[in-house]
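In: Provide a 3D model corresponding to the input given below.
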Amino acid sequence: GLAIITEPQDRNTMSEDEMYKERSSFEDTFDFITGELADIVDNEYLPVKYNKSDGDAGRATLGAALALKGWVELFAASPAYNSADPAVPRTADNLWSFATPDPNRWAVAAATNKQFMETWGHLGDGTYNLFAPMSQFWHEANEYNVEVIWDRQHVQTTMAQTYDRYGGPVWIHGTYYTWGNYCPTQELVDVYQMANGLDITDPLSGYDEQNPYVGREKRFYDFIVYDGAPYKQDWMSEADTIYTRIDKVNPSDNEIDFGGDDVGNTGYYFKKRLDNAHPRGGNQDGRNYVYYRYSEVLLNYAEAQNEAVGPDASVYAAVNAIRQRPGTDLPALEEGLDQDEMREAIRRERRLELVYEGHRLWDLFRWKLAMEEMNKDLTCMVITNTSPDDNSGVWTYTRQSLNHPHVFTQKMYFNPIPQAVIDRNPKIKQNWGYE
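Out: Below is the predicted model:
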């Protein structure tokens, strides 16, 4: 819950008691935010969407307001805040969850996301829709495409992105380019399905543990750099091949590294959201940062509708639209899933479709899975030859612990309020667990 202030504060005319506001309840804060967003949508003052050439491009729109409202409703309907056992203990002032759980909140979230789909989405006037192929979504030439709902503008030189200098392959054609951060773990790689739409754990999938990068779904090849992966961006004159294996005969600069080097320690790099047009450096990356895109509206609807009524035809349609997007080309979900199975299918789709877009942490929070998932020991892939001196043996793939202990405790579902804030306003109550 936040302190809700709707009138200007004035030390000249107001007493300290009038100026110092207590935190409102979770529910009052939720009602305030969604009420403000509903008013924005209903008054229709803003345009539905901006195009790249518009002078106000980058500012909020009706599409942004309705998408945000649907996401806030989904977030609040989730188990961490809307269950008998919320993420942190419920107290009398109800700062961290609803006072009374209500499963109908899922239906409210579903209705808002459906409103978006049927008004401005693919079921409405088509202002917003899925862009294809996703491998080109983050190209600067495709800014403000039909899928982008709200983004933050970046401009070359004056306000450029610096994302590229932190992640992606460290060495390209023998030249050092990045710091090698944000490396995918084996746990993420394992979630990508086979091209036939089956999980790698399914005995019918065709997955081979000693040839694990063959036959995977297209999103894997689009966004994950694995051992032996071809790597080509538009700014490169020719493709490179990225090797992360431990190879004494033909050593690679990108060989998996467990020391202090910038080279990654998981056996993988990512390439989602990297600048295709410019090498790192020089402040040349002017691509916008996308907050919300239409695929998330579909996933939000599918999740809320499944929780509200179960996996009806509209839930399948929303998820399958993403899976069968041209360029993704996965088979439709298996028919006959029950609610629990569909829940897991939707969560898998969110993890893969929205990976490296800043959503996973908030999903783990609202699903109340952070204590389970964020305390796990994560793993990498170590690739070696059984005859390392001449590579005459076979290449073997071994999962190995990263040995990076993680600690996530219950209080971490919320951040502590800085003591300086409480010192300035003694009516502000500290979050649970930090008292």
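In: which stretches of this structure have low pLDDT?
Out: Applying pLDDT under 70 to the chain picks out no residues at all.
In: which helix in it runs the most residues?
Out: helix 26-43 (DSSP state H).
In: all strands for the stretch 201-350 of the chain, in order.
Out: 224-225, 229-231, 240-242, 269-270, 289-293 (DSSP state E, counting those that start in this stretch).
In: using JSON lines, please lay out those together with distance to residue 202.
Out: Where C-beta positions appear, they are placed from N, C-alpha and C, glycine not excepted. Shown next, in JSON lines, are the strands of the stretch 201-350 of the chain (distance: least, C-beta to C-beta, whole Å):
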{"stretch": "strand 224-225", "distance to residue 202": "20"}
{"stretch": "strand 229-231", "distance to residue 202": "24"}
{"stretch": "strand 240-242", "distance to residue 202": "28"}
{"stretch": "strand 269-270", "distance to residue 202": "25"}
{"stretch": "strand 289-293", "distance to residue 202": "30"}
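In: closest to residue 156 out of these?
Out: The stretch from the strands of the stretch 201-350 of the chain with the least distance to residue 156 (C-beta to C-beta) is strand 289-293; that distance is 14.3 Å.
In: helices or strands up against that closest one?
Out: Judged by 3 or more C-beta pairs under 8 Å, 6 or more residues apart in numbering; DSSP states H and E, strand 289-293 is in contact with helix 62-77, strand 148-152.
In: kindly export it (C-alpha atoms) in PDB.
Out: C-alpha atoms of strand 289-293 as PDB (Å, rounded to 0.1, in the frame of the first residue of the first chain):
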ATOM      1  CA  TYR A 289      13.000   0.000 -24.800                       C
ATOM      2  CA  VAL A 290       9.600  -1.800 -25.000                       C
ATOM      3  CA  TYR A 291       7.600  -1.900 -21.800                       C
ATOM      4  CA  TYR A 292       4.400  -3.600 -23.100                       C
ATOM      5  CA  ARG A 293       3.700  -5.400 -26.300                       C
END
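In: follow-up on the earlier one: out of the helices and strands packed on strand 289-293, the one nearest residue 253 is which?
Out: By C-beta to C-beta (comparing all of the helices and strands packed on strand 289-293), the closest turns out to be strand 148-152, at 33.7 Å.
In: now that closest one against helix 62-77, angle please.
Out: With axes from the mean of the first three to the mean of the last three C-alpha atoms, to 10 degrees applied, the angle from strand 148-152 to helix 62-77 works out at 90 degrees.
In: parallel or antiparallel, list what pairs with strand 148-152.
Out: strand 289-293 (antiparallel) (DSSP bridges).
In: do I have it right that residue 99 meets residue 1?
Out: No: with contact defined as C-beta atoms under 8 Å, residue 99 does not count as touching residue 1 (11.1 Å).
In: which one of the two has more residues nearby?
Out: Shown here are residue 99 and residue 1; by other C-beta atoms under 10 Å, residue 1 has more neighbours (19 against 12).
In: residues in contact with that one?
Out: With contact set as C-beta atoms under 8 Å, 6 or more residues apart in numbering, residue 1 has these partners: 23, 24, 25, 26, 28, 29, 93, 94, 95, 96.
In: for residue 24, see how far away the residue lying closest to the first one once chain neighbours are set aside is.
Out: Right, the one you point to is residue 23. Leaving aside its sequence neighbours, residue 23 sits nearest to residue 1 (C-beta to C-beta, 6 or more residues apart in numbering; 4.5 Å). Applying C-beta to C-beta, to the nearest Å, the value for residue 1 to residue 24 is 5 Å.
In: switch the helices and strands packed on strand 289-293 over to TSV; also include mean neighbour count and distance to residue 365.
Out: Compiled in TSV, the helices and strands packed on strand 289-293 are given as follows (neighbours: other C-beta atoms under 10 Å; distance: least, C-beta to C-beta, whole Å):
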stretch	mean neighbour count	distance to residue 365
helix 62-77	23	9
strand 148-152	20	21
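In: closest one to residue 209 among the ones you listed?
Out: Closest of the helices and strands packed on strand 289-293 to residue 209 is helix 62-77, at 36.5 Å (criterion: C-beta to C-beta).
In: comparing the strands of the stretch 201-350 of the chain, which comes out most buried?
Out: strand 269-270 (a mean of 23; mean count of other C-beta atoms under 10 Å).
In: and that strand, what does it pack onto?
Out: Looks like strand 269-270 contacts strand 224-225 (3+ C-beta pairs under 8 Å, 6+ apart).
In: can you give me the offset of the strand it packs on from its chain's centre?
Out: Per C-alpha atoms, centre = their mean, to the nearest Å, the displacement of strand 224-225 from the mean C-alpha position of its chain is 17 Å.
In: residue 434 falls within a strand, correct?
Out: No: read with DSSP: H, G, I helix; E, B strand; the rest coil, residue 434 is coil and lies in no strand.
In: find the nearest non-adjacent residue to it, please.
Out: According to C-beta to C-beta, 6+ apart, the nearest residue to residue 434 is residue 416 (4.1 Å).
In: what secondary structure does the one you found sit in?
Out: Criterion first, three-state DSSP; result for residue 416: coil.
In: what separation do you get for it and residue 371?
Out: From residue 416 over to residue 371 (counting by C-beta to C-beta), the distance is 17 Å.
In: next one: residue 308
Out: From residue 308 to residue 371 the distance is 26 Å (C-beta to C-beta).
In: and those two? Which one has more around it.
Out: A direct count of neighbours by other C-beta under 10 Å for residue 308 and residue 371 places residue 308 higher, at 19 against 14.
In: do I have it right that residue 71 meets residue 292?
Out: Yes: at 7.2 Å, residue 71 and residue 292 qualify as touching, with contact defined as C-beta under 8 Å.
In: look up how far residue 203 lies from the residue nearest the centre of the chain.
Out: Centroid-nearest residue in the chain: residue 359, 2.9 Å away (criterion: C-alpha atoms, centre = their mean). When distance is defined by C-beta to C-beta, residue 359 is 31 Å away from residue 203.
In: residue 274 now?
Out: Relative to residue 203, and taking C-beta to C-beta, residue 274 is found at 35 Å.
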